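Peer 1: here you go, sequence then predicted model.
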Amino acid sequence: MSELELSARAGAVNPHEIAGADDVRPRPLVDGHGQIPNLAPLTGSGAAHETTGSGSSMLRREILIHLRRDGPSSPDRLAATIGASRTGVLQQLRALESSRLVRRETVRHGVGRPRHVYDVTEQAQDLFPANYDGLATGLLAAIRSVGGESLVDEVFDARRRITTEQVRRRLDERLPAGASLFDRARELAVIQDEQGYLAEAVIGTDGVIRILEHNCAIHRVATDQESACRAELALFREILGAEVERETHIARGDRCCSYRIGD
């Protein structure tokens, strides 16, 4: 997990700005290989750095790791375990709570004041390592072993049909009847961007509309299975009701996937 990511999740960036107005789930940054950086515990004391900007991120990272591993904990216990000050831990817990990455519960035990314990929320799960690429690749291999490449093609075609209906409903809800081709392309790019493709719709100096995807959210699958990219191209053509041509292709070594759109 990068320091920038945890800083954003802890209040430096509004979660709505990260994931879209209708989706406040955290979206992890990835390294150059498309993997979420390792969340192995940091070495050294959190207290040594907790007053600096990067130190705050390191401390938030350690807090999340300990809560994930050990379960609900009080600020005092976290501070003792991590080796940081209670004030520093409590400050970061409040920031994480405001970003919906941890939740606070009140625990009463006998007489005296109740104490607060904190735990990670479901939203925080996306910050931890996952192996969705491995799962997808394994499932495709299993499908191929059962029915060969033709069955894999059928699976991607079925997924395209389902996605097409979902995207059409979204466009019907957000765009007026008779919306221009560029407006439809722009909304389609927004949908792709929400899925992690870093997408945008532009009109070039040549007057041509293009959808640019600066990231491939399914890169491991796409490089292994051409059906995935064929399905995306077919989806764009069907949704936009226009001729769509792929000009550049990440899966073939280009910097982005560029789609030229014409009437």
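Peer 2: Here it is on my side, so go on. Here the structure is a predicted model, which means the values were calculated and not measured.

Peer 1: ok, Arg230 touching Val152?
Peer 2: No. Arg230 lies out of contact with Val152 (C-beta atoms under 8 Å); the separation is 11.1 Å. In short, each C-beta sits where N, CA and C put it, glycine included.

Peer 1: more neighbours: these two, which one.
Peer 2: Val152 (20 against 15; other C-beta atoms under 10 Å).

Peer 1: my guess is the more buried one meets Leu140, correct?
Peer 2: Yes. With contacts counted by C-beta under 8 Å, Val152 reaches Leu140, the gap being 6.1 Å.

Peer 1: shared neighbours, the two?
Peer 2: Common neighbours of Val152 and Leu140, using C-beta atoms under 8 Å, 6 or more residues apart in numbering, are Gln225.

Peer 1: below-threshold pLDDT in the stretch 1-150 of the chain: ranges please.
Peer 2: Within the stretch 1-150 of the chain, the stretches with pLDDT under 70 are 1-54, 110.

Peer 1: how does it look with 90?
Peer 2: Residues of the stretch 1-150 of the chain meeting the criterion pLDDT under 90: 1-57, 106-115, 125-134.

Peer 1: which parts of it are helices?
Peer 2: 3-7, 15-19, 53-70, 75-82, 86-98, 132-174 (DSSP state H, counting those that start in this stretch).

Peer 1: and stretch 106-126, end to end?
Peer 2: Stretch 106-126 has an end-to-end distance of 26 Å (C-alpha to C-alpha, to the nearest Å).

Peer 1: chain center to it: distance?
Peer 2: Using C-alpha atoms, centre = their mean, to the nearest Å, the distance from the centre of stretch 106-126 to the centre of the chain it belongs to is 27 Å.

Peer 1: also stretch 174-184?
Peer 2: 27 Å.

Peer 1: neighbouring contacts of that stretch?
Peer 2: If you take C-beta under 8 Å, 6+ apart as the criterion, stretch 174-184 is touched by Leu171, Glu187, Ala201, Ile203, Ile209, Ile239, Leu240, Ala242, Ile261, Asp263.

Peer 1: confidence score at the last one?
Peer 2: In other words, Asp263. pLDDT, Asp263: 66.

Peer 1: do the same with the first one
Peer 2: Looking at Leu171, its pLDDT reads 97.

Peer 1: contacting residues for it?
Peer 2: For Leu171, the contacting residues are Ala179, Arg184, Glu187, Leu188, Ile239, by C-beta under 8 Å, 6+ apart.

Peer 1: am I right that the third one sits in a helix?
Peer 2: What that stands for is Glu187. Yes. With DSSP: H, G, I helix; E, B strand; the rest coil as the criterion, Glu187 is part of a helix.

Peer 1: relative to Arg174, how far out is it?
Peer 2: Plainly put, Glu187 is 6 Å away from Arg174 if you go by C-beta to C-beta, to the nearest Å.

Peer 1: so for the two, which sits in the more crowded spot?
Peer 2: Just comparing Glu187 and Arg174: by other C-beta under 10 Å the higher neighbour count belongs to Glu187, 19 against 12.

Peer 1: so the more buried one makes contact with Arg168?
Peer 2: No. The criterion here is C-beta under 8 Å, and Glu187 misses it with Arg168 at 10.9 Å.

Peer 1: adding pLDDT, write the contacts of Leu171 out as CSV.
Peer 2: Formatted as CSV, the contacts of Leu171 follow (pLDDT from 0 to 100):
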residue, pLDDT
Ala179, 96
Arg184, 97
Glu187, 98
Leu188, 98
Ile239, 97
